[in-house]
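Engineer: This is the structure alone, sequence omitted:
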């Protein structure tokens, strides 16, 4: 073997060694990237308002409810998210019968949240199923409560116990949810709308109009009665005032006549003849006008004075 052949063999060996070193380095790097990728892909972030449910072969093994970074075992564990915040569910409207056998359409909404994710998953599995159960319980509680009230107690704010009614329905629904271990709780249930079936609306409107007309007539009757009382009281007061004024006038008139008589008497005592003449002349004014005819003896004092013969 020549020296050139030896050199070629050594170069080939060096090239094979370098290639082997690069190959091992590349494989190591690939493996490292795979391991890092696997680790990173199995890390997850828990946000505020979330439950992270860790399942292993379909079974719930862990629930993370604190915000931050967490992990799962690769390939054998999976993660799903459930809401931790309060949710609003629009309960499907339903028809109920009141205590007085009236039909009503009730529309409610419920504010609810997941209290125990393990119980919820074990009994209803999903949020949609939880809302379905919630719908059933709300309808049952509403029907039971409104079935104990008359129609006008529900729709009339003056007679309705709507506030305590909503509280009672909320309490009853929570009792049903707790009884069946659904792991959810209701914060509030509210009645947002009450309607009548279309076939009943006209009869109810007619009855409402009749009731309002009856109430209006009652107010008018009360007004007329009050008016008559005021008129009677005023008439009585007027009569009393007139009677008092007439009595006062009689007293004043009597006092005036007495004073006049006193003056007449004083005047008569001073000059009787003049007083007689004055009274005679006054009588002429009262008895004689353009159509008066008087027949008197010519020597009558009354006639002599009338004719101007004054002794």
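Structural biologist: Cool, the structure landed. Values in this document were obtained by computation on a predicted structure and should not be read as measured data.
Engineer: Give me the domain ranges for the protein.
Structural biologist: Under automatic domain parsing, the residue ranges defining each domain of the chain are 22-83, 87-196, 271-311.
Engineer: What separation do you get for residue 128 and residue 89?
Structural biologist: From residue 128 over to residue 89 the distance is 10 Å, taken as C-beta to C-beta, to the nearest Å. Just so you know, the C-beta spots here come from the backbone N, C-alpha and C atoms, and that holds for glycine as well.
Engineer: now do residue 241
Structural biologist: Note on residue 241: its distance to residue 89, by C-beta to C-beta, is 75 Å.
Engineer: repeat for residue 121
Structural biologist: With C-beta to C-beta as the criterion, residue 121 and residue 89 are 18 Å apart.
Engineer: try residue 49
Structural biologist: In this view, residue 49 and residue 89 are 17 Å apart by C-beta to C-beta.
Engineer: Wait, residue 182 touches residue 132, no?
Structural biologist: No - with contact defined as C-beta atoms under 8 Å, residue 182 does not count as touching residue 132 (10.9 Å).
Engineer: what residues are shared contacts of these two?
Structural biologist: Jointly contacting residue 182 and residue 132 under the rule C-beta atoms under 8 Å, 6 or more residues apart in numbering are residue 124.
Engineer: how about low-confidence regions in the stretch 51-200 of the chain?
Structural biologist: Counting by pLDDT under 70, the ranges of the stretch 51-200 of the chain that qualify are 155-163, 196-200.
Engineer: Give me the more crowded residue out of residue 241 and residue 89.
Structural biologist: Using other C-beta atoms under 10 Å as the criterion, residue 241 and residue 89 rank with residue 89 on top: 19 against 10.
Engineer: Is it correct that the more buried one is in contact with residue 132?
Structural biologist: No - Residue 89 is beyond contact range of residue 132, at 9.9 Å (criterion: C-beta under 8 Å).
Engineer: which helices and strands does the helix or strand encompassing residue 138 pack with?
Structural biologist: With secondary structure defined by DSSP states H and E, residue 138 is part of helix 127-146. Applying 3 or more C-beta pairs under 8 Å, 6 or more residues apart in numbering; DSSP states H and E, we find helix 127-146 packed against strand 87-90, strand 94-97, strand 103-114, helix 162-179, strand 184-195.
Engineer: And those: which comes nearest residue 73?
Structural biologist: Proximity to residue 73 (C-beta to C-beta) singles out strand 103-114 among the helices and strands packed on helix 127-146, at 24.5 Å.
Engineer: okay, now residue 66: neighbour count?
Structural biologist: The burial count assigned to residue 66 is 8, neighbours taken as other C-beta under 10 Å.
Engineer: I'd like to check which residues are in contact with it.
Structural biologist: Contact analysis of residue 66 by C-beta under 8 Å, 6+ apart lists residue 46.
Engineer: Three-state assignment for it, please.
Structural biologist: Of the three states, residue 66 takes coil under DSSP: H, G, I helix; E, B strand; the rest coil.
Engineer: That concludes my questions; thank you for your assistance.
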